[in-house]
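Student: My questions are about this predicted structure, shown below with the sequence.
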Amino acid sequence: MKKSELKDIIGVEEYSLVICEKPEAARKISEALSDNKYKTMKIFNANVFLVTYKKRNYVLCSAIGHLYTLNLIKKRQKLPRYDYSWVPISKSIKSRAKMVNARIKVIEKLSENASEFILACDLDQEGETIGYNILKYACKEKQNVAKRVKFSTLMEDDIKRAFANMDNNININLAYAGLTRHAIDFLYGMNISRALSRAFMTSSKKYRTLSIGRVQGPTIAYVVENELLRETHVPLPFWSINTYINSIKNESGKWIKIHYIEQKILKNKNAKTILDDCKGEQALVEKIEESSYKINPPIPFNLSGLQKEAFRLYKLNPYQTLSIAEKLYLNAFISYPRTNSQKLPHNLDCRRIILELSNLSEFSDVANKLLKKQHVSPTQGKESDNAHPSIYPTGKTIISELTDTEKKIFNLIVKRFLNLFREPSIGKKRDIYFKIGKYDFYTSFKRTTDQGWNENSSKKEAMIDLAVGDELKIKRMKIVENFEEPVSSYNQMTLVQKMEKEEIGTKSTRANIIRTIIDRTYVNGNELTPTELAKALVNTLKNYSPEILSAEMTKRMEENLREIENNTITSEQVIEKTKKDIDSIIKSIQENDKNIGRVLITATDKLNNKPVTNKPLGKCTICQEGNLIITSNSKNRALVCSRSMKDECNMKSPLPKFGYIRIQKNGCIKCSWPKIRTSYKGKPWNFCSNPECKNKERKK
DNA sequence: GCAAGGTC
């Protein structure tokens, strides 16, 4: 294409080039600036928009997320490798090549004639980075002259305000922070993943992709740690008192269940005493408290809110929900779904959307009721997001093209949206306190008086009419034995929530990263239990690169990035430090590659077999009767004799936090406590479990 | 090949 041809297509001599992060944003900005009177042009199969706003010409083009990625420069063998550069994504991902190349070519062409450059990507670190790379590579070094428009929703007012008050520069330090984040993840991920794969290869002569990274690491570790808790769970017993009394005085009315104030009684003896003491007694009504309660409507969906609800109601995993939400967004049913925000834009025309939604038969009643209100105002949540508002329906209601599952998600979003404007659910509560002998019991009743938004609010439950001083017959009282349950395995939803809580990954990547670790056979599909490979990997990395298994790495990195953003440290300084860390990790992995390889291969051999069940560690070498078991909490673990629970044996010993534990056949020759065999930094290590034993060489 | 982060 020649310059003159491009000029013909665009039709104006002078223009500012506006660079957006995604096609939808370019269109929305064009609409907002031009009162919908913009011109659409197709260049290399990509949409470009021309608008005239306040007598200036703007040509709007868009990326499709990142157009550039990091790449190793040459094929070389030796690790570590630090020779990276930014290249068009097409070079590393073939399937996206055409689309990305087309976008880059369009921007290159348009930048040749542009008199001004304006960055309009999302208002966050990645947005600034995406824009920086486009300005630097596609626009040929315009990152220092480009201007920046800042808006946090794609509403007309916000966009116009942003164009009236644009910054004279992009936030270059924020872009540097973003570039550094990419570099750190790339260098850590590539080098350590490769080092592990090679260690595997030295022992097996077969290639196997082993991966690890700043987010994968802790995520795998959470699954492994959780499983360790489950495997070493000791189901301690506890007791509760199951009590029913008559519901009316001196008559044979319905039975009601009442609760002893202690839900869990830790000693059977105590439960028995209570039962004995209560024999022959009556339940005396001691106190009645009445109160009313209010349940406010729910808050707007952000992505994780939607994922949680879709999982709860339909067992859709977060990845499925995100995929469906993306499709709904691309077909204009809903707003942008990859958002943290729980707030609707303040100037959203909610009434119009409600009116459109009233066309849906399922929601017409609720919508029509809302439309009768004088004004509608939604609830708002706490979370916010600079780049996007919460998820809401756009008002498009032609749902015949949607599959059943897509309809479910769409309906969930519509229902939530409408509920935001409805009245709270109100009810009454009555708490009744009893004395049986000297023991305290209670029960409570709820009754909804105005269900408001909450159609599922508890149906009218009978409020038992009792008065203080009433005495009621005990109909049944017995002791029930229960056992402490182990923690649950993660599923895809709870693992996403764990990642969210620990602040690793992002709304757009968490569900994907879980898929990656499933693909790598680190964790099993539905109930996310770790495979032997994951356990071996985590144990290995604990020795050689513990930081990559911990969310602390992300925290420290983000502190560094903030410093880059504030210009108190340079990107180069941070990357130099990263390289030093990687140097020593790679060195120690290489020095122990045979050991590491052997451990990983042994683990992969077990992948197709049934996982080894918690086999007994052997008889206690002190009392010769109990079994040795490992107990643990989230911080420590210990070797104990099963009889120590009943104080019949005093074998209790702290264990090293990590590593596979084996017990030697014979006890210590000095003190006869069990001897433990484990490995420390890849080397076998034997020691006596007795903390007091003089014949020991314990390590910290 | 390997990461994590955007987006179609």
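Tutor: Ah, there it is.

Student: alpha carbons only for contacts and neighbour counts from here, please
Tutor: Will do.

Student: contacting residues around the residue of the stretch 401-550 of chain A found nearest DNA strand B?
Tutor: Closest residue of the stretch 401-550 of chain A to DNA strand B, CA to the nearest atom of the strand: A:Gly505 (3.3 Å). A:Gly505 makes contacts with A:Val215, A:Met499, as judged by CA atoms under 8 Å, 6 or more residues apart in numbering.

Student: sec struct for it, please.
Tutor: At A:Gly505 the chain is in coil, as set by DSSP: H, G, I helix; E, B strand; the rest coil.

Student: backbone phi and psi for it, please?
Tutor: phi 70, psi -180 (degrees, to the nearest 10).

Student: Please apply the same query to the one 5 residues further on.
Tutor: Per-residue torsions, A:Arg510: phi -60, psi -50 (degrees, to the nearest 10).

Student: Give me the pLDDT for the residue lying closest to it once chain neighbours are set aside.
Tutor: Distances taken as CA to CA, 6 or more residues apart in numbering put A:Val496 closest to A:Arg510, at 6.1 Å, once the chain neighbours are dropped. In this model, A:Val496 is scored at 96, pLDDT.

Student: number of nearby residues for A:Val496?
Tutor: A:Val496 has 29 neighbouring residues, counting by other CA atoms under 10 Å.

Student: before we move on, what about A:Phe301?
Tutor: The burial count for A:Phe301: 28, using other CA under 10 Å.

Student: if I look at it, how far off is A:Thr321?
Tutor: Relative to A:Thr321, A:Phe301 is positioned 13 Å away (CA to CA, to the nearest Å).

Student: Could you check how far the nearest residue to A:Thr209 once chain neighbours are set aside is from A:Ile464?
Tutor: Leaving aside its sequence neighbours, A:Thr209 sits nearest to A:Ser197 (CA to CA, 6+ apart; 5.9 Å). Between A:Ser197 and A:Ile464 the distance is 68 Å, computed by CA to CA.

Student: between these two, which one's more packed in?
Tutor: More crowded of A:Ser197 and A:Ile464, by other CA under 10 Å: A:Ser197, with 20 against 13.

Student: which element is the more buried one on?
Tutor: Counting by DSSP states H and E, the element that carries A:Ser197 is helix A:172-204.

Student: and the following helix or strand past that helix, which residues are buried?
Tutor: Remark: after helix A:172-204, the chain's next helix or strand is helix A:216-231, criterion DSSP H and E. Using 16 or more other CA atoms under 10 Å as the test for burial, helix A:216-231 gives A:216-230.

Student: Go ahead and confirm the residue nearest to A:Arg510 touches A:Asn512.
Tutor: No - the criterion here is CA atoms under 8 Å, and A:Val496 misses it with A:Asn512 at 9.9 Å.

Student: The helix or strand where A:Lys257 lies: what's the following helix or strand?
Tutor: Assigned by DSSP H and E, A:Lys257 belongs to strand A:255-260. Note on strand A:255-260: by DSSP H and E, the next helix or strand toward the C-terminus is helix A:268-278.

Student: CA atoms of that following helix as PDB?
Tutor: C-alpha atoms of helix A:268-278 as PDB (Å, rounded to 0.1, in the frame of the first residue of the first chain):
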ATOM      1  CA  ASN A 268     -16.900 -37.700  76.400                       C
ATOM      2  CA  LYS A 269     -16.900 -37.600  80.200                       C
ATOM      3  CA  ASN A 270     -18.200 -34.100  80.200                       C
ATOM      4  CA  ALA A 271     -21.000 -34.900  77.800                       C
ATOM      5  CA  LYS A 272     -22.000 -37.800  80.000                       C
ATOM      6  CA  THR A 273     -22.100 -35.600  83.100                       C
ATOM      7  CA  ILE A 274     -24.400 -33.100  81.400                       C
ATOM      8  CA  LEU A 275     -26.700 -35.900  80.200                       C
ATOM      9  CA  ASP A 276     -26.800 -37.400  83.700                       C
ATOM     10  CA  ASP A 277     -27.400 -34.100  85.400                       C
ATOM     11  CA  CYS A 278     -30.300 -33.200  83.000                       C
END
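
Student: contacting residues around the residue nearest the centre of chain A?
Tutor: For chain A, the residue nearest the mean C-alpha position is A:Val496 (2.9 Å; CA atoms, centre = their mean). Residues in contact with A:Val496 (CA under 8 Å, 6+ apart) are A:Pro318, A:Arg510, A:Ala511, A:Ile514.

Student: Within range of DNA strand B, give me the residues from the stretch 201-350 of chain A.
Tutor: Counting by CA under 7 Å from any atom of the strand, the residues of the stretch 201-350 of chain A close to DNA strand B are A:207-217, A:326, A:330, A:338.

Student: Just the buried ones from the residues you listed?
Tutor: Taking 16+ other CA under 10 Å as the criterion, what is buried in these is A:Leu210, A:Ser211, A:Ile212, A:Gly213, A:Arg214, A:Val215, A:Gln216, A:Gly217, A:Glu326, A:Arg338.

Student: contacting residues for the fifth one?
Tutor: Meaning A:Arg214. By CA under 8 Å, 6+ apart, the contact set of A:Arg214 is A:Asp185, A:Tyr188, A:Gly189, A:Ile548, A:Leu549, A:Ala551, A:Met553, A:Thr554.

Student: Make sure A:Thr339 is actually in contact with A:Pro389.
Tutor: Yes - counting by CA under 8 Å, A:Thr339 does reach A:Pro389; the two are 6.8 Å apart.

Student: So between these two, which is more surrounded?
Tutor: Neighbours of A:Thr339 and A:Pro389, each counted by other CA under 10 Å, are more numerous for A:Pro389; the result is 27 against 23.

Student: Need the CA coordinates for the helix or strand A:Lys535 falls within. PDB is fine.
Tutor: Using DSSP H and E, A:Lys535 maps to helix A:532-544. C-alpha atoms of helix A:532-544 as PDB (Å, rounded to 0.1, in the frame of the first residue of the first chain):
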ATOM      1  CA  GLU A 532       3.300 -37.600  42.700                       C
ATOM      2  CA  LEU A 533       5.100 -35.400  40.200                       C
ATOM      3  CA  ALA A 534       3.800 -32.200  41.900                       C
ATOM      4  CA  LYS A 535       4.900 -33.500  45.300                       C
ATOM      5  CA  ALA A 536       8.300 -34.400  44.000                       C
ATOM      6  CA  LEU A 537       8.600 -31.000  42.200                       C
ATOM      7  CA  VAL A 538       7.600 -29.100  45.300                       C
ATOM      8  CA  ASN A 539      10.100 -31.000  47.500                       C
ATOM      9  CA  THR A 540      12.800 -30.400  45.000                       C
ATOM     10  CA  LEU A 541      12.200 -26.700  44.600                       C
ATOM     11  CA  LYS A 542      12.000 -26.300  48.400                       C
ATOM     12  CA  ASN A 543      15.700 -27.200  48.400                       C
ATOM     13  CA  TYR A 544      16.800 -25.200  45.300                       C
END
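
Student: Off-centre distance for it?
Tutor: For helix A:532-544, the distance from its own C-alpha centre to the chain's C-alpha centre is 23 Å (CA atoms, centre = their mean, to the nearest Å).

Student: what's the following helix or strand past it in contact with?
Tutor: Downstream of helix A:532-544, the next assigned helix or strand under DSSP H and E is helix A:552-565. Residues from elsewhere that reach helix A:552-565 (CA under 8 Å, 6+ apart): A:173-174, A:176-178, A:180-181, A:214-215, A:504, A:547, A:569-571, A:574.
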